[in-house]
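**Q** Predicted model and sequence below, questions to follow.
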Amino acid sequence: MNSPAVAHGPRNVPALLMTLHRERFTGAVVVSGTPGGTLHLRDGLVVAVRTPASPAPDVLLLRSRRIAEPDWIAAGEASRTDGPLADTLVALGLVRAPELSALCLATVFDGAFAMSLGTSAGWQVDDSVPAPDLIAEPGVEPRRLTDETARRMLVLSQLWGPLVDFAATRINPAAQPAVGTLPVRYRDILLGANGRRAPRDLAFALGRGLYPVMLDLARMSARRLVQRDAPAGAGPTPIVAPRDFTTGASAPPPQAPLPRRNPGTHAPDSVPGAPPAEVPGSAGRIPTPPVDIGARPAAPSGDTPPSAPPCVEHDLRDHPAQGEITP
Amino acid sequence: MNNQAPNDAVILELKTLRERVMGITESVVSTGDGLLVAGDTVAVHGESLAALAAAALALGSRTAGEAGLGGLRDVVARCNGGHVVILAIGNHALLAIVGDEGLDIAGLYRESPASIARLDRILTGAA
């Protein structure tokens, strides 16, 4: 463990990153909190951000079906002897080098943005943490990262409102959305929104970045395609007891706290495909102040300024012509 | 605790855990021998998950004992598409959690002990 910057007393993560940038630090900043995450640096530049709040490159590649699972496993095995995973993926023709580079860069910005929506309980600077397999090279200057994070927060807050509430909102599709003419991205979101998923959950389910999903949700909300909060009592009832497969109805609540298995008397029911129960969304997470990973929004800016990093606001599957991911 | 029926209280606890830990998608509470008590599910088949989780927990416990590693803490299955975490509730029940690839494992281990304790009280009627 090495914590050269702690002695200088940076007041927050962006200040810490600036210090580490000046010191050309190589290692990781492990941020604890909800959800927390790890920022990986090389020579002072941020090369990767891993957090439970946003999908990593492998999640984007697999969930978007850009790379099939067997191919991914094969690439992982080959990389043990053939070299870095990124090179192996390219060598096997599973993804083009520029696409992979853009993807990794996008996850750096997306991860920083996602962490900014949470709360930080502290950090540790550790030069012994190895970098992930897929990183953005050469990396992103901390100043650019914090500026872009602030810009994203400003854009979204203007479209939606308080972002902490937005991040915790369980999304429901509108009652009767007109899906016929909608972009594929919007339709995918409507299909994935079930009243249980917050924007972060949709991002993972769809294999897209958190920020582009939230941007789409904000625009869809303006078009009344999605509901911000699950109506109380809406949606199917969750499983509360073993079902009677012959009728599809739930069995009466057990009289004892726990059901008992009686050996020799419990013949297995076998009606495959019985409809799973669902639960409606419920109260959101307790709103908490955001992590100060990015500077606060200072001035309005365009939705996508020319300086915006590439491959960050679009569905990787739906915009092959933009040079991000092509089949 | 309150006047809720046991299953309603279990459901509420599972939903609360899902809200508090990033990445949890579904969960069930099962008896130790695999009968579903209640589930907060949408895609998985609750009864099947309950039965398999009970088998996995028992197998893990026996394996840990055979290896001389003492008591089992939990069973974690890391999959290409996410995680399954199985935690014992006392000696007679278990909690099976399904999470996506980004499941906040640290958050789960931070939040789950209190949930397990509450579920134990609900299931044993001590609430």
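**A** Received, thanks. Numbers count the residues shown, from 1 in each chain, chains lettered A, B, ... in the order given.

**Q** how long is stretch A:192-201 from one end to the other?
**A** Distance between the two ends of stretch A:192-201: 9 Å, counting by C-alpha to C-alpha, to the nearest Å.

**Q** Next: stretch B:62-72.
**A** With C-alpha to C-alpha, one end of stretch B:62-72 sits 9 Å from the other.

**Q** which other residues reach that stretch?
**A** Contacts with stretch B:62-72, where a contact means C-beta atoms under 8 Å, 6 or more residues apart in numbering or on different chains, come from B:57, B:60, B:61, B:88. (C-beta placed from N, C-alpha, C; glycine too.)

**Q** Dump stretch B:9-21 to PDB, restricted to CA.
**A** Only the C-alpha atoms of stretch B:9-21 are listed here, as PDB (Å, rounded to 0.1, in the frame of the first residue of the first chain):
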ATOM      1  CA  ALA B   9     -42.700  -9.800   6.100                       C
ATOM      2  CA  VAL B  10     -40.300 -12.000   4.200                       C
ATOM      3  CA  ILE B  11     -41.200 -10.400   0.900                       C
ATOM      4  CA  LEU B  12     -40.700  -7.000   2.400                       C
ATOM      5  CA  GLU B  13     -37.300  -7.900   3.700                       C
ATOM      6  CA  LEU B  14     -36.200  -9.300   0.400                       C
ATOM      7  CA  LYS B  15     -37.400  -6.100  -1.400                       C
ATOM      8  CA  THR B  16     -35.600  -4.000   1.100                       C
ATOM      9  CA  LEU B  17     -32.400  -5.900   0.600                       C
ATOM     10  CA  ARG B  18     -32.800  -5.500  -3.200                       C
ATOM     11  CA  GLU B  19     -33.200  -1.800  -2.800                       C
ATOM     12  CA  ARG B  20     -30.200  -1.500  -0.600                       C
ATOM     13  CA  VAL B  21     -27.700  -3.600  -2.500                       C
END
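
**Q** Does residue A:141 touch residue A:43 like I think?
**A** No - with contacts counted by C-beta atoms under 8 Å, residue A:141 stays clear of residue A:43, the gap being 10.9 Å.

**Q** Off-centre distance for the worst-scoring helix or strand of chain B on mean pLDDT?
**A** Lowest mean confidence among the helices and strands of chain B (mean pLDDT, DSSP states H and E): helix B:6-20, at a mean of 91. Relative to the centre of its chain, helix B:6-20 is centred 11 Å away, using C-alpha atoms, centre = their mean, to the nearest Å.

**Q** how about the strands in chain B?
**A** B:24-31, B:36-40, B:74-79, B:82-89, B:93-99 (DSSP state E).

**Q** Can I get these in TSV including distance to chain A?
**A** Below are those laid out as TSV (distance: least, C-beta to the nearest C-beta, whole Å):
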stretch	distance to chain A
strand B:24-31	5
strand B:36-40	4
strand B:74-79	10
strand B:82-89	9
strand B:93-99	6
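
**Q** Would you mind finding the most buried of these?
**A** Among those, the stretch with the highest mean neighbour count (mean count of other C-beta atoms under 10 Å in any protein chain shown) is strand B:36-40, at a mean of 29.

**Q** and that strand, which strands flank it?
**A** strand B:24-31 (antiparallel) (DSSP bridges).

**Q** Tell me what angle the partner strand forms with helix B:6-20.
**A** 150 degrees (axes from the mean of the first three to the mean of the last three C-alpha atoms, to 10 degrees).

**Q** Identify each buried residue in stretch B:39-55, please.
**A** B:39-42, B:44-47, B:49-54 (16 or more other C-beta atoms under 10 Å in any protein chain shown).

**Q** Likewise for stretch B:119-127?
**A** Per 16+ other C-beta under 10 Å, stretch B:119-127 contains these buried residues: B:119, B:120, B:121, B:122, B:123.

**Q** Can you narrow the residues you listed down to the ones near chain A?
**A** When contact is defined as C-beta under 8 Å from any C-beta of the partner chain, those meet chain A at B:122, B:123.

**Q** Among the contacts of stretch B:62-72, name the ones in helices.
**A** B:57, B:60, B:61 (DSSP state H).

**Q** Of those - the most surrounded one?
**A** residue B:57 (22 neighbours; other C-beta atoms under 10 Å in any protein chain shown).

**Q** My guess is it contacts residue B:94. True?
**A** Yes - proximity of residue B:57 to residue B:94 meets the contact threshold set by C-beta under 8 Å, at 5.3 Å.

**Q** what residues are shared contacts of these two?
**A** B:32, B:86, B:88.

**Q** Which of those residues sits closest to residue A:186?
**A** Using C-beta to C-beta, residue B:86 comes nearest to residue A:186 of the shared contacts of residue B:57 and residue B:94, at 37.0 Å.

**Q** Tell me who's in contact with the nearest residue in space to residue B:91 that is not next to it in sequence.
**A** Spatial nearest neighbour of residue B:91, excluding adjacent residues (C-beta to C-beta, 6 or more residues apart in numbering or on different chains): residue B:32 at 7.1 Å. Counting by C-beta under 8 Å, 6+ apart, residue B:32 touches B:54, B:57, B:58, B:91, B:92, B:93, B:94.

**Q** cool, residue A:100 as well?
**A** Counting by C-beta under 8 Å, 6+ apart, residue A:100 has contacts A:57, A:86, A:89, A:90, A:134.

**Q** Compare those and tell me which is most surrounded.
**A** residue A:89 (27 neighbours).

**Q** quick one: it and residue A:99 touch, right?
**A** No - using C-beta under 8 Å, residue A:89 makes no contact with residue A:99, being 9.9 Å away.

**Q** What separation do you get for the residue most central in space within chain B and residue B:21?
**A** The residue lying closest to the centre of chain B (C-alpha atoms, centre = their mean) is residue B:95, at 1.6 Å. Using C-beta to C-beta, to the nearest Å, residue B:95 is found at 12 Å from residue B:21.

**Q** which residues do those two both contact?
**A** Common neighbours of residue B:95 and residue B:21, counting by C-beta under 8 Å, 6+ apart, are residue B:112.

**Q** the strands in chain A, which residues?
**A** Using DSSP E, the strands of chain A run over A:27-34, A:37-42, A:45-50, A:119-126, A:172-173, A:226-227, A:243-244, A:249-250.

**Q** List just the one of these that sits closest to residue A:94.
**A** Between the strands of chain A, strand A:45-50 lies closest to residue A:94; by C-beta to C-beta that is 19.5 Å.

**Q** now the angle from the closest one to strand A:37-42?
**A** Using the same axes, to 10 degrees: strand A:45-50 against strand A:37-42 is 150 degrees.

**Q** now the angle between strand A:27-34 and strand A:45-50, please.
**A** Using the same axes, to 10 degrees: strand A:45-50 against strand A:27-34 is 40 degrees.
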